[in-house]
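Asker: Build me a model:
(one chain, ligands or ions: 2)
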Amino acid sequence: MHSSAAAESAAMDIDLSRIVPEHVRADENLFNLAACASFIESGSDLYTQNLVAYFEGDEEVEGWLRNQWEQEELNHGKTLRAYVRHVWPEFDWDTAFGTFLEEYAGYCKVELLGPTRALELAARCVVETGTATYYRALSRSASEPVFRELTRRIADQEVSHYKHFYRFFRRYREQERVGRLRVLDILVRRTLELKSEDADCAIRHVIATRHPDRAADAEHIRAASAQMSRTVRTHLSAGTTLKMLMRPLELPARVQAWIQVPVTQFMQHVFLR
Ligand SMILES: [Fe+2]
Ligand SMILES: [Fe+2]
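Answerer: Ligands and ions are numbered 1, 2, ... in the order given. This is a model prediction of the structure:
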């Protein structure tokens, strides 16, 4: 079990043998966070394909998506899965992921892309801001050093994804001459969509496999979700998140300063739900 876990995590070069399982095994919230993240990342290929297809013909973007982005997202899933399996070997990851995927594939994000490439790229900036924020918060919250490092490294890659999408966005914005209001509209809509659906689906399947007797216990599931949100919320850096979200608007510094307060309130509303 342990040797296969070590091999699996080689993608991110994380040495799982440094974990002292007895120190973390009892942390059910950490288990939930790690397991849910491993499910969502491992389900990435359901929608990465769509995006790659959407940029067909643009060699730079298509090549980067296929050769780097997609691989890295799947590696995040593998690394998190290796962590879960190493610390909680009794959890039947494959079965739980199987039932999760069945439901997830039904409604997952085969969302309409676009409406234009520039706007889709702005939306991708929002998604990567969301994941970067999430893993940064997890890293800050963790006391177990391996999980801390693993989530920090995933967060760094999410930020790098953001930077690529942002660069591509600027190229297309120029070409398409998309106005700020349309960019703002997409940023707001995608920020509102960031939350919950995926995480709600993941936690239900995690709990159903881990504690079958609680599979239908809505109150227990709600409490587990609330605890996960609290962990993220108390460790996120609102300032950094905000800067990343607003950047595609390319606002003059003065305007940026004006809208800082309402936008912060909006962000808090989204992340505090
Ligand atoms: Fe990821
Ligand atoms: Fe990413």
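
Asker: The closest residue to ligand 2 within the stretch 101-250 of the chain - how many residues pack around it?
Answerer: Relative to ligand 2, the nearest point of the stretch 101-250 of the chain is H161 (3.8 Å; CB to the ion). (C-beta placed from N, C-alpha, C; glycine too.) H161: 23 surrounding residues under other CB atoms under 10 Å.

Asker: Check the one 4 residues further on too.
Answerer: Residue neighbour count, defined by other CB under 10 Å, stands at 25 for F165.

Asker: And for it, nearest residue in space, chain neighbours not counted?
Answerer: Using CB to CB, 6 or more residues apart in numbering and skipping the chain neighbours, the partner closest in space to F165 is R124 (4.2 Å).

Asker: what's near enough to touch the closest residue to Q227 other than its chain neighbours?
Answerer: Excluding the flanking residues, the one nearest Q227 by CB to CB, 6+ apart is N29, at 5.1 Å. The contact partners of N29, by CB atoms under 8 Å, 6 or more residues apart in numbering, come to 224, 227-228, 231.

Asker: Show me which of the residues you listed is closest to ligand 1.
Answerer: Closest to ligand 1, out of all of those and judged by CB to the ion, is M228, at 16.9 Å.

Asker: Pull out the buried residues from the strand or helix carrying C125.
Answerer: Assigning secondary structure by DSSP states H and E places C125 in helix 117-141. Of the residues in helix 117-141, those buried by neighbour count under the rule 16 or more other CB atoms under 10 Å are 117-141.

Asker: what's the answer for stretch 38-49, then?
Answerer: Under the neighbour-count rule (16+ other CB under 10 Å), stretch 38-49 has 38-44, 47-48 buried.

Asker: is ligand 2 contacted by that stretch?
Answerer: No: Stretch 38-49 lies out of reach of ligand 2 by CB under 5 Å from the ion, never closer than 8.5 Å.

Asker: residue in the stretch 1-150 of the chain nearest to ligand 1?
Answerer: H76 (3.9 Å).

Asker: Over to the stretch 151-273 of the chain?
Answerer: Closest point on the stretch 151-273 of the chain to ligand 1, by CB to the ion, is E158, at 5.6 Å.
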